[in-house]
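# turn this into a structure:
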Amino acid sequence: MTDVTQVLQEWADGDQSALDRLAPIIYPELHALARAYLRRLSSRDVLQTTAVVNELFVRLLSHKPAAFANRRHFYVLSARIIRMALVDNYRRMQAEQRGGGQVRIPLHEELAWVAADSGEILWFDRAMAELDALDPELAELVNLRFVLGCTATEAADVTGLSKATVDRKVTLARAWLRRHYNGTAPAA
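Numbering: from 1, shown residues only. Here you go, the predicted model:
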């Protein structure tokens, strides 16, 4: 298999053919991650798998290729873009219809108190920006685990951390988010 980091660097250096080599490498993995994540949401109102991955590619292609330090950097950026797509989808749904009777869809089973199809996704986006400012590694792990849908083992592989460290840091980040959600998190 071609090294993702090398192909990402070639793309950032302006080699347009690198994207042709990159897409078949990463698309199936991103599609599988998005499918697993969206299956947990189980709602027709939430984005479809292909739409999420296509949105990711459209957003990546609409800007000058970034210089990715490694594949971790790429996957963390991908998770952020997917989070932005969920926020945009929620805003679009709100603009289309207002009212009750909607079924609550959790962002992730381990963050059941954050609904992906409500205003809570906006809160989550703001909280993630604050967490990123406080501890970028914790924010990366939350994005990988709960937005991109990686398992702890997959997140460990992407970040180069041990699974135990990922589990420990994700538990800390989840507790921080929960306290922040309840309004008891410290400002800094």
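# would you map the helices across this structure?
4-12, 17-41, 49-61, 71-96, 120-134, 136-142, 152-159, 163-181 (DSSP state H).
# and the second one, what's its mean pLDDT?
By that I understand helix 17-41. Averaged across helix 17-41, pLDDT comes to 75.
# how about the fifth one?
Along helix 120-134, the predicted local confidence has a mean pLDDT of 86.
# give me the distance from that helix to the chain's centre.
Centroid displacement of helix 120-134 relative to its chain, using Cα atoms, centre = their mean, to the nearest Å, is 12 Å.
# about what we covered before: return the most buried member of the helices of the chain.
Neighbour counts (mean count of other Cβ atoms under 10 Å) averaged over each of the helices of the chain peak at helix 136-142, with a mean of 21. C-betas here are computed from N, CA, C, even on glycine.
# got a list of what the most centrally placed residue in the chain touches?
Taking Cα atoms, centre = their mean, the centroid of the chain lies closest to Ala79, which sits 2.4 Å from it. Applying Cβ atoms under 8 Å, 6 or more residues apart in numbering to Ala79 gives the contacts 140, 143-144, 147-148.
# show the pLDDT at Thr159.
For Thr159, pLDDT reads 90.
# any idea how far Ala34 is from the residue nearest to it when sequence neighbours are not counted?
Distances taken as Cβ to Cβ, 6 or more residues apart in numbering put Arg72 closest to Thr159, at 5.6 Å, once the chain neighbours are dropped. To Ala34, Arg72 is 18 Å away according to Cβ to Cβ, to the nearest Å.
# just to revisit the earlier point, restricted to buried residues, select the contacts of Ala79 in ChimeraX.
Command for ChimeraX that selects the buried part of those, burial taken from 16 or more other Cβ atoms under 10 Å:
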select :140,143,144,147,148
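# dump the contacts of Ala79 into a markdown table; add distance to Tyr27 as well.
Output for the contacts of Ala79, formatted as a markdown table (distance: Cβ to Cβ, whole Å):
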| residue | distance to Tyr27 |
| --- | --- |
| Glu140 | 22 |
| Asn143 | 19 |
| Leu144 | 18 |
| Val147 | 18 |
| Leu148 | 14 |
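# quick one: which of the contacts of Ala79 is nearest Leu22?
Leu148 (17.2 Å; Cβ to Cβ).
# for that closest one, list the residues it contacts.
Leu148 touches 33, 37, 75, 78-79, 82, counting by Cβ under 8 Å, 6+ apart.
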